[in-house]
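Visitor: What shape does this take:
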Amino acid sequence: MLKARLGYDFDERIARAVPFLFHPRVHPNALSLAGVLVSLGGAWAFAAGAFRSGALFVLLGGVFDLVDGVVARRQGRVTSFGGFLDSSLDRVVDMALLLALALHYAGAGRPGLAWLAALALVATVLVSYTKARAESVLPRFEGGLLERAERIVILVLGGLTGWMPFALAVVAAGSVITAGQRIALAHRLMRELDRSREPEVPHVA
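Guide: Below is the predicted model of the structure:
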């Protein structure tokens, strides 16, 4: 994951960068909600064709998404519901951004790009679902080419550079590949799990 690649001292660096967010009165769940509201503003801008402004909103929303978990750990407020809420809100943002792009391109008379955004939306949902479903069976499930943080970064870069069609193509293709990788990985791991549960046949001399 992108957060893991930023280094073992990620929490400390975030705390130094935005110390005002670590006030005891700032609840991590409030940061999660603030992040999704800002990102939905980015989706609105995408739908209107203001890609650069939308990308900046999404970038700011991503900052909240990075910080909320760090604040929860620093304040000793890590809860099961907090993790559930954060993950659920992430899905809302993912779908809103891609739906906004699909609506924009459909309204602009570019059906090919609208269908590409729709494909990216479906594949993104499948990527998230396959992981959630696998984790309900397996103790640990990680893997895949393109995770959420990378997808968001690609869309932001597409908005800032004006290369949104190319960014959409990368997100769509990468998400399809990632979903396939996770399905194949789940098949292998679950088959091994099923085999480990099979009763041993006693050997008869």
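Visitor: Would you mind finding the longest helix in the protein?
Guide: Longest helix in the chain, counting residues (DSSP state H): helix 164-197.
Visitor: which one is Arg74 nearest to, not counting chain neighbours?
Guide: For Arg74, ignoring the flanking residues on the chain, the nearest one in space by CB to CB, 6 or more residues apart in numbering is Phe22 at 5.8 Å. Yep, even glycine has a C-beta here, placed from its N, CA and C like the rest.
Visitor: OK, contacts around the one you found?
Guide: Contact analysis of Phe22 by CB atoms under 8 Å, 6 or more residues apart in numbering lists Ala15, Val71, Arg74, Gln75.
Visitor: Who's the closest spatial neighbour of the first one, skipping the chain neighbours?
Guide: The spatially closest residue to Ala15, leaving aside those adjacent along the chain, is Phe22, at 5.9 Å (CB to CB, 6+ apart).
Visitor: distance of Gly69 from Val122?
Guide: Distance, Gly69 to Val122, using CB to CB, to the nearest Å: 28 Å.
Visitor: And for Arg188?
Guide: From Arg188 to Val122 the distance is 24 Å (CB to CB).
Visitor: Likewise for Ser196?
Guide: Between Ser196 and Val122 the distance is 34 Å, computed by CB to CB.
Visitor: of the two, who's got more company?
Guide: When neighbours are counted by other CB atoms under 10 Å, Val122 comes out ahead of the other of Ser196 and Val122, with 16 against 7.
Visitor: any weak-confidence spans in this protein?
Guide: 1-11, 20-21, 199-205 (pLDDT under 70).
Visitor: hmm, try it at 90
Guide: Along the chain, segments meeting pLDDT under 90 span 1-29, 31, 63-79, 82-83, 138-145, 147, 149, 193-205.
Visitor: Report the central residue of it.
Guide: With distances taken as CA atoms, centre = their mean, Arg148 lies nearest the centre of the chain, 2.8 Å away.
Visitor: Isn't that one up against Arg91?
Guide: No. Using CB atoms under 8 Å, Arg148 is not in contact with Arg91, being 9.0 Å away.
Visitor: which ones are touching Met183?
Guide: To be clear, residue 183 is Ile; Met isn't right here. So Ile183 contacts Thr130 (CB under 8 Å, 6+ apart).
Visitor: err, Leu126, not the other one
Guide: Ser175, Ala179.
Visitor: same thing but at 7 Å, please
Guide: The contact partners of Leu126, by CB atoms under 7 Å, 6 or more residues apart in numbering, come to Ala179.
Visitor: Is it within a helix or a strand, and which one?
Guide: Per DSSP states H and E: Leu126 is located in helix 111-135.
Visitor: Kindly report the same for Gly144.
Guide: Here Gly144 is assigned to no helix or strand, by DSSP H and E.
Visitor: So it versus Ala118, what's the distance?
Guide: 21 Å.
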